[in-house]
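S.K.: here are the coordinates; sequence isn't available:
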């Protein structure tokens, strides 16, 4: 039971995860300081009740001043473009690794009580699924490498300075407020946005890749206790359902069901370094956090569809430049086909 009211800093507060987390923590009576550079979020995701700063996580001096008297940090901000990182490694690494080091350093300098870092299932790489937290990270792309490196810096400087840390590993969160005009990530939202424009879903490879998808409400049920639950210090915890593993082909089918658009998927060649099977075990989350799935994938896709339809379709915004453009680069990105 969370009783004390904290001053909490949330990075990426205009984004999907950060905005929902801020809303929930506000309702619990905490003072929320939120930062975002507004590259990956929407302005109307920023709640008026929070103390908001438009700033990039890499702006260390500004971050230090904003961190004043903060007790808890949730680092949710990320340029979470795993596939794109193979072709834009500089931008992705800067926005993940260097941004994380900036946040962690400022937080340790301020002597915060605890840092909760939202890492990525990409840390596991191409190992036998379902992934368990005991597996040694084996990142296979620059995004995953940046996340694992950030984890190591977090543990290193926190342990040295007596700061508590928790690493959360969410698996494919879906739901309202997710950015759906980004052509590089969020497969469910991309498919729905395309279908609402009368376009067929695009699938890379044969579509037999398996994933697990977590609805935002279920993800928050784990993140909130990470605030100050004592037995979570120095824990790495997967967040995601392990009773519903699905193929990308099945995801396309479910999106078709809710949109009413029954066009056959367009299959493109495999993306380099894409992990075939990326699913998780939720045993640790169940044991430590009483985690359970309350929203099925079909229900989550329906809620995501309702949000996008109400907000209105958008053209896709190719907001990150390709740094490596060659025969391996997906045509969908080179030719802006999405």
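M.R.: Nice, I can see it. Predicted, not measured: the structure shown is a model, and the values here were computed from it.
S.K.: so how far is stretch 69-80 off the chain centroid?
M.R.: In terms of C-alpha atoms, centre = their mean, to the nearest Å, the centre of stretch 69-80 is set 12 Å apart from its chain centre.
S.K.: For the residue nearest to residue 304 when sequence neighbours are not counted, give the beta-bridge partners.
M.R.: Among residues not flanking residue 304 along the chain, residue 174 sits closest, at 5.3 Å (C-beta to C-beta, 6 or more residues apart in numbering). Where you see a C-beta, it was placed from the backbone N, CA and C, and this is true even at glycine. Note on residue 174: beta-bridge partners residue 215, judged by DSSP bridges.
S.K.: Against residue 205, how distant is residue 25?
M.R.: Distance check for residue 25 against residue 205: by C-beta to C-beta, to the nearest Å, it reads 39 Å.
S.K.: quick one: which of the two has more around it?
M.R.: residue 25 (24 against 14; other C-beta atoms under 10 Å).
S.K.: Strands along the stretch 201-338 of the chain, start to end?
M.R.: Here the stretch 201-338 of the chain has its strands, by DSSP state E, counting those that start in this stretch, at 202-204, 210-211, 214-215, 235-239, 246-247, 266-268, 277-278.
S.K.: Can you say which of those is nearest to residue 224?
M.R.: strand 235-239 (11.4 Å; C-beta to C-beta).
S.K.: I'd like the average pLDDT over the closest one.
M.R.: For strand 235-239, mean pLDDT is 98.
S.K.: Return the most buried member of the strands of the stretch 201-338 of the chain.
M.R.: strand 214-215 (a mean of 26; mean count of other C-beta atoms under 10 Å).
S.K.: returning to what we had before: show me what contacts the residue nearest to residue 304?
M.R.: Shown in contact with residue 174 (C-beta atoms under 8 Å, 6 or more residues apart in numbering): 186, 188-189, 213-216, 297, 300-301, 304.
S.K.: Let's see that with 6 Å instead.
M.R.: Listed by C-beta atoms under 6 Å, 6 or more residues apart in numbering, the contact set of residue 174 reads 188, 213, 300, 304.
S.K.: Which among the strands of the stretch 201-338 of the chain is found nearest to residue 181?
M.R.: In terms of C-beta to C-beta, the element of the strands of the stretch 201-338 of the chain nearest to residue 181 is strand 202-204, at 14.8 Å.
S.K.: Just checking: what are the partner strands of the closest one?
M.R.: When pairs are called by DSSP bridges, strand 202-204 turns out to pair with strand 266-268 (parallel).
S.K.: Okay, residue 83 and residue 26: tell me how far apart.
M.R.: Distance of residue 83 to residue 26, given as C-beta to C-beta: 34 Å.
S.K.: who's more crowded, those two?
M.R.: Higher neighbour count among residue 83 and residue 26: residue 83, with 19 against 15, using other C-beta under 10 Å.
S.K.: what's near enough to touch that one?
M.R.: Neighbours of residue 83 in contact, by C-beta under 6 Å, 6+ apart: residue 271.
S.K.: now swap in residue 176 and tell me
M.R.: residue 307.
S.K.: secondary structure element for it?
M.R.: Applying DSSP states H and E as the criterion places residue 176 outside every helix and strand.
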